[in-house]
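Participant: Let's see this in three dimensions:
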Amino acid sequence: MTIYEIVKPDVERAREARHRRLVVLVGTDDRRLAECAAEALRAYEAAGGGARGLYMFQPEYADANKRMNYLRDLLEGSSLETEFRPYKDTQRVLGTTYDFAVLDLINDLKPNDVGRLGGVVRGGGVYILLVPPLHVWKSYLTKFQTALLVPQFTPSDVRHRLKERFWRSLYEHEGVAVFDADRGELLKPPGAVEIKRYEPKRPEIPEKAVISPRIYRMAATQDQVEVLKLFELLYQRPKRKIALVVIADRGRGKSAALGLGLAGIGHRLRKAKARVQAVVSAMEYANLETLLEFAIRGLRALGYKPGVEKEGGEVRSVRAKGIFIDVVTPYMLLKRESADIVAIDEAASVPLPALYAVHKKFDRLVFATTIHGYEGAGRGFSIRFLKYLRESGDTEVHVYEMREPIRYGPDDPVERWLFNAFLLNAEPARVEESDVECVKRQEVVYLKEGDIIGDEERLRQFFGIYVQAHYRNEPDDLGMLLDAPHHTARALALPSGKIVVSVELAYEGGLDDVSIDQALRGLKLPGNIIPDRFLKYWRVPEFARLRGWRIVRIATHPELQGMGLGTLMLRKIEEEARELGMDWIGVGFGVYDRLLRFWIRNGFVPIHLSPERNPSSGEYSVLLVKPLSERAREFVRYANIEFRRRLVHSLMGPYSDLLPSEVQYLLSDWGWDVDGPPLLSRNQLERLVAYAFGPMTYENVMDAMYMLTARYFYNSRDRRPGLPDAAERILLSKVLQARPWREAADAAGVKRGDLMLILREIAKVLLYYYHGGSFEVPLFVVGTVRGSGK
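Facilitator: All right, here's what the predicted structure looks like:
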């Protein structure tokens with residue numbers, strides 16, 4: 001059979017169900033691949049397919065340009081209108097719908113690109129993939145694989161498991177035809193996909209609605225209509241908070257519905273008040289493009305002429321007459337004083353503390369997230385977050401799950417293949433009561449990489465835990481784990497085989513002199529985050545020669561958290577690391593006091609804090625290391641001492657907005673002292689006594705109080721007075737961070753008046769401890785104190 005004879009009848013059948021088809025052309029002859037692609041497209045055109053298409057390739061490869069030019073010449077004169085674009089434009093085409101797409105994967109199989117592009121073709125369309133034979137593909141590195149190389153490894157160390165998985169998935173799914181372009185042979189037929197004729201249903205618009213019918217008429221599905229109905233609940237100012245939670249698989253029109261809803265309810269509220277302020281937020285500005293596009297469309301449909309402000313090509317605000325939609329990151333959102341409506345898209349990727357803070361601060365809230373797909377977060381997020389919202393006691397919660405695809409029909413075989421190939425629909429194992437009992441008895445098995453990667457069900461459970469544990473997952477993460485030579489997997493499993501803890505490790509260190517010298521001169525040291533910081537910040541080249549594991553990701557099954565499994569897993573990893581002669585184990589994450597407490601209690605020592613917050617997450621990144629060898633212990637001791645010194649003197653500057661509770665953990669005592677500042681001068685001492693015991697104000701002794709406070713946090717606990725946590729938080733927020741009185745009180749968790757009184761008492765304690773025999777309370781101070789009746 002020719003490729004024409006395969007594609008035409010298959011597309012005709014698929015169009016009845018509004019399904020898409022996947023045609024894989026295998027070969028090494030660039031001209032034959034282009035000819036087969038052109039023939040497949042002619043068959044698609046003859047089957048009644050549309051004319052608008054997309055061709056994606058890597059232009060830096062000569063052979064990729066050759067194939068692209070061959071196909072362009074072959075299509076010249078046809079009715080097909082094809083955009084030829086490099087893969088770097090993938091993000092830009094996400095909001096565009098095409099009739100067909102040709103993806104040249106010969107030079108680059110990048111999971112993120114395939115995952116994103118897997119949703120751009122409409123129902124009845126076709127994907128054509130260009131790939132070499134598997135044995136040829138495995139003989140060289142793709143662009144994605146080349147980016148996985150780190151100094152300790154060579155190209156021969158890079159694995160090809162992603163290609164093997166990809167190839168295997170093509171043969172395991174219906175709706176996928178595989179054709180040998182070099183020999184003109186069918187390797188795999190598309191299979192008998194069940195066809196259910198697609199009957200389009202016109203969305204039912206409510207007769208009486210708060211939102212304008214002009215907005216409802218823009219809805220493409222009944223699901224979008226139902227989401228718009230939810231937005232109507234935001235019209236009346238609630239007696240309690242109102243939270244709308246919208247969940248959907250990728251491609252269901254969730255973001256578009258949010259944009260239309262904001263335009264519609266903004267217009268309705270505008271009739272009741274002079275100004276309507278909405279704020280939309282997401283971890284990445286790119287995640288808001290579709291929402292904003294449809295908000296603008298909706299406003300135009302309502303007769304507005306919205307203006308758009310951009311920064312770096314991305315929308316930062318939309319302005320219409322009396323309606324304002326601002327675009328901010330979650331961290332920036334928390335600094336807003338007020339907003340009529342707050343909408344967070346892809347909410348599952350936002351750190352939970354930030355979501356809780358947003359819920360606490362605002363009254364009209366919309367949270368939306370993708371369950372399965374490129375940004376999928378699984379159902380765990382909605383389950384856990386809904387539990388929090390409902391247990392808050394002050395929130396009216398409304399939930400809706402969108403199911404109907406926008407661009408293609410239900411049960412689309414290409415979507416099914418995409419989800420399975422890249423684990424976009426991975427879920428953790430279902431937990432039974434017997435499983436809980438096993439965990440209580442710590443009856444678990446430590447699994448190494450071969451036990452996980454080689455078993456499809458275990459691998460799905462392994463990634464399913466990450467998805468539901470609030471990690472920002474991407475298809476590239478799967479590719480990294482499968483192919484990167486320095487990454488490996490570990491897990492804890494129940495006797496039944498169910499995965500309950502997932503861990504990804506990265507080998508770091510063991511570097512040669514050339515790599516170390518390059519890093520010391522400021523060059524990037526890929527794949528070696530912790531050695532890189534020891535070199536660039538603490539100038540310790542010897543540490544980079546030591547070997548360690550950085551814990552890239554660790555997550556416990558969401559239904560089994562708080563039962564000691566995380567600590568048990570760390571113990572197992574440490575045991576294996578010691579057996580392998582490793583010198584250290586490290587970890588990095590966004591600063592959050594509960595996470596810091598977990599890692600510090602397990603012996604991990606802070607050695608670095610990013611000088612600024614991540615612009616997307618709004619978090620500072622911290623690195624911690626647990627030394628396993630004596631040499632590593634000395635280097636970690638040195639790094640922590642210097643880290644504490646730097647942190648203490650940076651709290652008034654770059655770290656002035658860290659929570660005092662976070663700083664307390666970062667300054668945890670490890671039994672070693674930092675060389676402290678000198679004792680106070682005579683004048684400083686006298687002024688501080690006058691403040692502690694008499695009428696002098698704090699503002700007149702800030703220098704002396706700062707020096708004593710710094711000395712306190714420099715010292716180990718056996719060489720400083722015992723202060724309660726609240727007193728330490730006061731010293732951090734008021735003295736070291738120099739916050740205004742009210743802000744310092746809020747940060748420390750005390751009342752403003754109490755803070756002022758407590759700070760004087762703390763000053764007395766520090767004076768007696770550090771200067772006990774070197775000062776007297778002056779008579780004028782004693783007289784003043786007695787005269788005041790205190």
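Participant: Need the pLDDT of the nearest residue to Glu427 once chain neighbours are set aside.
Facilitator: Sequence neighbours aside, Gly464 is the residue nearest to Glu427 in space, at 4.3 Å (criterion: C-beta to C-beta, 6 or more residues apart in numbering). Any C-beta I mention is one placed from the backbone N, CA and C, and that applies to glycine too. Per-residue confidence (pLDDT) for Gly464: 90.
Participant: can you pull the contacts of Gly464?
Facilitator: Gly378, Ala426, Glu427, Pro428, Ala429 (C-beta atoms under 8 Å, 6 or more residues apart in numbering).
Participant: before we move on, what about Pro155?
Facilitator: Per C-beta under 8 Å, 6+ apart, neighbours of Pro155: Leu141, Thr146, Leu149.
Participant: among the residues you listed, which ones are buried?
Facilitator: Leu141, Leu149 (16 or more other C-beta atoms under 10 Å).
Participant: possible to save the contacts of Pro155 as TSV with distance to Leu647?
Facilitator: Converted to TSV, the contacts of Pro155 look like this (distance: C-beta to C-beta, whole Å):
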residue	distance to Leu647
Leu141	41
Thr146	38
Leu149	34
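Participant: Checking the residue lying closest to Val150 once chain neighbours are set aside next. Helix, strand or coil?
Facilitator: The spatial neighbour of Val150 that comes closest, neighbours along the chain excluded (C-beta to C-beta, 6+ apart), is Gly527 at 3.2 Å. Here Gly527 is coil, with the state taken from DSSP: H, G, I helix; E, B strand; the rest coil.
Participant: Next one: Gly527 relative to Asp157, how far apart?
Facilitator: 12 Å (C-beta to C-beta, to the nearest Å).
Participant: Of those two, which one has the most company?
Facilitator: Taking neighbours as other C-beta atoms under 10 Å, Gly527 and Asp157 compare with Gly527 leading, 21 against 13.
Participant: List the contacts of that one.
Facilitator: Gly527 neighbours (C-beta under 8 Å, 6+ apart): Val150, Pro151, Gln152, Ala484, His486, Ala506, Glu508.
Participant: show me the contacts for the fourth one.
Facilitator: Okay, so that is Ala484. Counted by C-beta under 8 Å, 6+ apart, Ala484 has contacts Leu148, Val158, Arg159, Ala506, Gly527.
Participant: Ok, the first one next?
Facilitator: The neighbours of Val150, taking C-beta under 8 Å, 6+ apart as the test, are Pro485, His486, Pro526, Gly527, Asn528.
Participant: that older thread, mind pulling up the phi and psi values for the residue nearest to Val150?
Facilitator: Backbone dihedrals for Gly527, given as degrees, to the nearest 10, come out at phi 70, psi 10.
Participant: repeat for Thr154
Facilitator: Per degrees, to the nearest 10, the backbone of Thr154 is at phi -110, psi 170.
Participant: can you give me the strands for the stretch 451-600 of the chain?
Facilitator: 487-493, 499-509, 547-556, 584-590 (DSSP state E, counting those that start in this stretch).
Participant: and those, which is most packed in?
Facilitator: Of all the strands of the stretch 451-600 of the chain, strand 499-509 has the most neighbours on average by mean count of other C-beta atoms under 10 Å, namely a mean of 24.
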